[in-house]
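>>> give me the fold of what follows.
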Amino acid sequence: MATQRPGFPVRLTPTASAATRGRMPAAPVKPVAPSTPSMASDAVRARMVQKLAAQGISDARVLRAMGAVERHRFVDSALVNQAYEDTSLPIGLGQTISKPNVVARMIELLMGAPALAGKPEGKLGRVLEIGTGCGYQAAVLNHVATEVYSIERLRGLHERARANLRPFRLATVHLILGDGMIGYAKGAPYAGIIAAAGGEAVPEAWIEQLAVGGRIVAPTHSAKGGQALVVIDKTPRGLERLVLEAVHFVPLKSGIA
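Okay, here's the model as predicted:
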């Protein structure tokens, strides 16, 4: 019997333990600031997309997705004027929203999965995002994948993403509060897995939950002591791994906080 998949938005309730009982309730999520005419204009996003293309992003599907999502809706009102600059911005709890170029680059790599070979206008199937953050990348992924499962370990950010995405009513985006290091087996297998945090290595659970023909794009620790983007393809012959450019992401951690 097929497992019923969660609707939007979904929360995984961890088993009560000494670590979770008695915890103070999370602070209320601030509502998203209303759009300002200058930030809501198509022209502002169009300029950002032009810059992304000039920086080497060439996949038309990714460029369209980046132009379709209003990034200013995912940042604090005090930072709205910087929303379309190619810079990371704080979103609370020591986390950031990645630079537009980094988001576009990683999604473009994801779109190169073997399952999409020879399908320049095709969509990815089901995607697992590790690290929802403020929900921006999940919204972009919604334009290039048929279904998105996004897992976040920090309760405050999970709630913020829910608030940010709720107005869009994205029926194919599912938000999960849980431990990203173990993935989300109920949604597997995935055509793609993309991570916004880097660990020593790609967790085995992600590889197990990846479909044959699927691809993982994630930062991992490099031999030089920093982080590098890693692409892992799961083929009928086994795993193929490619190490790319240096990057800087927050550490990959386990558990729920």
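>>> not counting its neighbours along the chain, what's nearest Ile232?
Ile216 (4.3 Å; Cβ to Cβ, 6 or more residues apart in numbering). Any C-beta I mention is one placed from the backbone N, CA and C, and that applies to glycine too.
>>> do I have it right that the one you found meets Glu240?
No - applying Cβ atoms under 8 Å as the test, Ile216 and Glu240 come out as separate, 10.8 Å apart.
>>> off-centre distance for the helix or strand that contains the residue nearest to Ile232?
In the assignment (DSSP states H and E), Ile216 maps to strand 210-221. Put simply, strand 210-221 sits 13 Å off its chain's centre (Cα atoms, centre = their mean, to the nearest Å).
>>> if we go by neighbour counts, what in it is buried?
Residues of strand 210-221 classed as buried by neighbour count (16 or more other Cβ atoms under 10 Å): 210-211, 213-221.
>>> what of stretch 135-146?
When neighbours are counted by 16+ other Cβ under 10 Å, the buried residues of stretch 135-146 are found to be 135-145.
>>> quick one, strands of this protein?
Applying DSSP state E to the chain gives strands spanning 89-92, 95-97, 124-130, 145-152, 173-177, 190-195, 197-198, 210-221, 227-235, 238-247, 250-251.
>>> who are the neighbours in contact with the residue nearest to Ala205 when sequence neighbours are not counted?
With Cβ to Cβ, 6+ apart as the criterion, Ala205 has its nearest non-adjacent residue at 4.5 Å, and that residue is Gly183. Residues in contact with Gly183, defined by Cβ atoms under 8 Å, 6 or more residues apart in numbering, are 128, 130, 151, 193, 203, 205-206, 208-209.
>>> determine which two of these are furthest apart.
Ile151 and Glu208 (15.4 Å; Cβ to Cβ).
>>> what's the burial count for the closest residue to Ser58 other than its chain neighbours?
In space, and not counting its chain neighbours, Ser58 is closest to Glu108: 7.5 Å by Cβ to Cβ, 6+ apart. Neighbours of Glu108 under the rule other Cβ atoms under 10 Å: 20.
>>> wait, Glu108 touches Ala65, no?
No - the pair Glu108 / Ala65 is not scored as a contact, 10.0 Å apart, by Cβ under 8 Å.
>>> flag every buried residue along stretch 79-96.
79-80, 83-84, 88-89, 91-92, 95-96.
>>> contacts for that stretch?
Under Cβ under 8 Å, 6+ apart, the answer for stretch 79-96 is 33, 36, 39, 44-45, 47-48, 51, 55, 71-72, 74-76, 97-102, 133-134, 154, 156-157, 160, 250.
>>> dump that stretch to CSV, restricted to CA.
Taking Å, rounded to 0.1, in the frame of the first residue of the first chain, the C-alpha atoms of stretch 79-96 are listed here in CSV:
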residue,chain,number,x,y,z
LEU,A,79,17.1,44.3,4.7
VAL,A,80,14.6,44.6,1.9
ASN,A,81,16.7,47.1,0.0
GLN,A,82,19.5,44.4,-0.2
ALA,A,83,17.3,41.6,-1.2
TYR,A,84,18.3,41.5,-4.8
GLU,A,85,22.0,42.1,-4.3
ASP,A,86,24.3,39.1,-4.7
THR,A,87,24.9,38.7,-1.0
SER,A,88,23.9,36.4,1.9
LEU,A,89,21.7,38.0,4.5
PRO,A,90,21.0,37.0,8.2
ILE,A,91,17.6,35.3,8.8
GLY,A,92,18.1,34.7,12.6
LEU,A,93,19.4,31.9,14.8
GLY,A,94,22.9,32.4,13.3
GLN,A,95,21.7,31.3,9.8
THR,A,96,21.6,33.2,6.5
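>>> how much space separates Gln95 from Gly131?
To Gly131, Gln95 is 8 Å away according to Cβ to Cβ, to the nearest Å.
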